[in-house]
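Engineer: this one's structure only:
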């Protein structure tokens, strides 16, 4: 019997993640080339040649995150249907969200941001299907699967156990990126390239501010901010090269702003 | 007291200034230089030594010029060969600066042997092949002075673009904390070599170009001369001269399209040759031979210390390691495009693009001091445009309020 190695699974998942980024960017920017310009740096950053020996939530989470983003965009789109939807729709969302939470429990952080934004926008009206589908059912299912392990280790009341087993783990791909380049190269990377993006953030924030009223702004930037903040808080890393979440959180929203700024500068059609 | 303060603030609000424009510039510059000092000074004093320390000190005290012997090269003495090597391995400007500093503190000879890469570290250390701490610190302080000079030029140039002292100070501080400048191993300030003077020269060329570059032939010649000074420090300073010539050729009109690049090129060549007399110590054939040796030496270094040793196998990998800001190409391009019609933009864009692209094409090793001019060029161009974007947002908010 032929078995598929962890490396193939990981790379297949990452290909799907890149397709997801492209799809989301295509939804926002409505042009294939523009969407490719957003996804390309992320594709370049994936160290395709480094061998992978196991697949864990740090590989699955990027895919879950882009699925969440694309779904959120579909909710925020000007043509999206407002108001309550059918049982089948919310059932499907619940199943997808629970799958995300099982394979990549960090997704619960993003779901919480989605629900909080929805509550802020609507003042809490019609919020219960969102809470149930994105938070209550996935969190309850994940907790139920963890209780036996917690009991076995005697850590049922340990906050650290629950944090590590749910939203706290898998926020960077440090080991994978440690496989890139030679030792001298990595040494220089960590000494002089860890925070290279920080001086760029003020001008980027100003450029992004000009698009704050666009329909895609809140879903894209809240999603990106949650990923970047999660990488810092849970992954304990500002290091751009080590964290796929940091890369996504910065490159996707700012890539979209960049394409829009280019369109604006050259008076091409922009996305209202 | 409160009433007096209130009155002063009211006057300030009415158009009076609590702190004059000059004072604010001095304060902003002081803040930038303080940030640079905090980032760089520790490594001036406690940064690790480098293999090349003794070599650079020796070559700085060697005679500036080169007297070409009458006999063929095979019969040159060891001293003559070494002197020729010092002259063609790197152009002379940094040697002249270091030599002046060493003589000023009374050092006229370095007796230590040069480090030998083919022998072990222990063996080299046992033979005392390192620079005495005081001498090393003085040469690093020279680097530090040029680093602060680079920051001051970046600040003044950005202020010329943005017109806002606080924002310009922010921009220059980004350069102050740039790790390629301040890194302990092979950073611009720490490494005793041509790099600190070189980065200053590259930014100085931009500053001169921005200041007087549009003043006819003389302006072009001044910009070219500054580029020549950069080339007289390191050969890749010629990238600046190429950028200046390309800019005048692209933006000039009529005869200026030819005359201004020519003026810049002639001025650059004159400064370069004036500072590097080795190329003039024979006829034209000698000059060609000496240039050929200069390039051959660079190719030899490339062969020995190529990027493969760093685990980087493609030019794209090398370029991204050199300037990881390229990952943000779309937002960077978006911000730059918005300000492309402003007067400062074209010269700065040509300067930065010349430095960045030609380094991408030719640089063979991932090393902080090699990448510092690339980072400086990128940050000055990007922050010029980026801080204008910040200014636009602040103005919109003020108007809305």
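Structural biologist: That came through fine. Every value quoted in this text rests on a predicted model; they were computed, and no experiment measured them.
Engineer: residues in the stretch 151-272 of chain A within reach of chain B, list them.
Structural biologist: Residues of the stretch 151-272 of chain A lying close to chain B by Cβ under 8 Å from any Cβ of the partner chain are A:180-186, A:188-189, A:191-193, A:196-197, A:199-200, A:202-204, A:206-207, A:209-210, A:240-241, A:247, A:250-251, A:254-255, A:257-262, A:264-266. Yep, even glycine has a C-beta here, placed from its N, CA and C like the rest.
Engineer: mean confidence for the longest helix along chain B?
Structural biologist: The residue-count maximum for a helix in chain B (DSSP state H) belongs to helix B:368-400. Predicted confidence along helix B:368-400 averages 95 (mean pLDDT).
Engineer: I'd like the average pLDDT over stretch B:45-61.
Structural biologist: Mean predicted lDDT for stretch B:45-61 stands at 92.
Engineer: can you show me the helices along the stretch 51-200 of chain B?
Structural biologist: B:53-61, B:78-89, B:93-104, B:121-126, B:133-162, B:165-176, B:179-182, B:195-212 (DSSP state H, counting those that start in this stretch).
Engineer: among the ones you listed, which comes closest to residue B:345?
Structural biologist: Between residue B:345 and the helices of the stretch 51-200 of chain B, the shortest separation by Cβ to Cβ is 8.6 Å, and it involves helix B:133-162.
Engineer: between the closest one and helix B:93-104, how big is the angle?
Structural biologist: 130 degrees (axes from the mean of the first three to the mean of the last three Cα atoms, to 10 degrees).
Engineer: if we can go back for a sec, the longest helix of chain B vs chain A: in contact?
Structural biologist: Yes - contact between helix B:368-400 and chain A, assessed by Cβ under 8 Å from any Cβ, occurs at B:368, B:371, B:379, B:382, B:383, B:385, B:386, B:387, B:389, B:390, B:392, B:393.
Engineer: mind listing what the fourth one touches?
Structural biologist: What that stands for is residue B:382. Going by Cβ atoms under 8 Å, 6 or more residues apart in numbering or on different chains, residue B:382 touches A:200, A:203, B:325, B:332, B:335, B:336.
Engineer: residue A:103 now?
Structural biologist: Contact analysis of residue A:103 by Cβ under 8 Å, 6+ apart lists A:57, A:60, A:64.
Engineer: give me that answer again for 6 Å
Structural biologist: Residue A:103 sits next to residue A:60 when contact means Cβ atoms under 6 Å, 6 or more residues apart in numbering or on different chains.
Engineer: also residue B:24?
Structural biologist: residue B:165.
Engineer: got any ranges where chain A has weak pLDDT?
Structural biologist: In the prediction, chain A carries residues with pLDDT under 70 at positions A:1-4, A:83-84, A:179-182, A:269-272.
Engineer: which of the helices or strands spans the one residue sitting closest to the centre of it?
Structural biologist: For chain A, residue A:65 is the residue whose C-alpha lies nearest the centre (Cα atoms, centre = their mean; 3.2 Å). Residue A:65 belongs to helix A:57-76 when elements are defined using DSSP states H and E.
Engineer: now do the helices in the stretch 101-250 of chain A.
Structural biologist: Here the stretch 101-250 of chain A has its helices, by DSSP H, counting those that start in this stretch, at A:107-122, A:128-131, A:137-153, A:159-165, A:174-177, A:183-192, A:201-209, A:217-233, A:244-265.
Engineer: list only buried entries from the residues of the stretch 151-272 of chain A next to chain B.
Structural biologist: Taking 16 or more other Cβ atoms under 10 Å in any protein chain shown as the criterion, what is buried in these is A:180-181, A:185-186, A:188-189, A:191-193, A:196-197, A:199-200, A:202-204, A:206-207, A:209-210, A:240-241, A:247, A:250-251, A:254-255, A:257-262, A:264-265.
Engineer: the stretch 201-350 of chain B: helices as residue ranges?
Structural biologist: Listed from the start of the chain, the stretch 201-350 of chain B has helices (DSSP H, counting those that start in this stretch) covering B:216-231, B:238-251, B:256-275, B:284-304, B:315-322, B:329-338, B:343-362.
Engineer: which one, of those helices, ends up nearest to chain A?
Structural biologist: helix B:329-338 (2.7 Å; Cβ to the nearest Cβ).
Engineer: ok, that closest one near chain A or not?
Structural biologist: Yes - using Cβ under 6 Å from any Cβ of the partner chain, helix B:329-338 comes into contact with chain A via B:330, B:331, B:333, B:334, B:335, B:337, B:338.
Engineer: repeat that for stretch B:26-33.
Structural biologist: No - with Cβ under 6 Å from any Cβ as the measure, stretch B:26-33 is seen stopping short of chain A, the closest distance being 13.2 Å.
Engineer: who touches that stretch?
Structural biologist: The list of residues contacting stretch B:26-33 from outside it, by Cβ under 6 Å, 6+ apart, reads B:148, B:151, B:155, B:165, B:169, B:172, B:173.
Engineer: go on, stretch B:166-180?
Structural biologist: Stretch B:166-180 is contacted by residues A:192, A:199, B:28, B:31-32, B:35-36, B:39, B:151, B:154-155, B:158-159, B:162, B:368, B:371-372, B:375, B:379, B:383, B:387 when judged by Cβ under 6 Å, 6+ apart.
Engineer: same thing but at 8 Å, please
Structural biologist: Stretch B:166-180 has contacts (Cβ under 8 Å, 6+ apart) with A:191-193, A:199, A:202, B:28-29, B:31-32, B:35-36, B:39-40, B:150-152, B:154-155, B:158-159, B:161-162, B:181, B:187-188, B:368-369, B:371-372, B:375-376, B:379-380, B:383-384, B:386-387, B:390-391.
Engineer: list the buried residues for it?
Structural biologist: B:167-180.
Engineer: cool, stretch B:247-265 as well?
Structural biologist: For stretch B:247-265, using 16+ other Cβ under 10 Å, the buried residues are B:247, B:248, B:256, B:260, B:261, B:262, B:263, B:264, B:265.
Engineer: without its sequence neighbours, what residue ends up closest to residue A:134?
Structural biologist: residue A:111 (3.9 Å; Cβ to Cβ, 6 or more residues apart in numbering or on different chains).
Engineer: pretty sure residue A:247 is in contact with residue A:239, am I right?
Structural biologist: No - Residue A:247 is beyond contact range of residue A:239, at 10.3 Å (criterion: Cβ atoms under 8 Å).
Engineer: and the helix holding residue A:65, what other elements does it pack with?
Structural biologist: Packing partners of helix A:57-76 (3 or more Cβ pairs under 8 Å, 6 or more residues apart in numbering or on different chains; DSSP states H and E): helix A:6-29, helix A:87-103, helix A:107-122, helix A:217-233, helix A:244-265.
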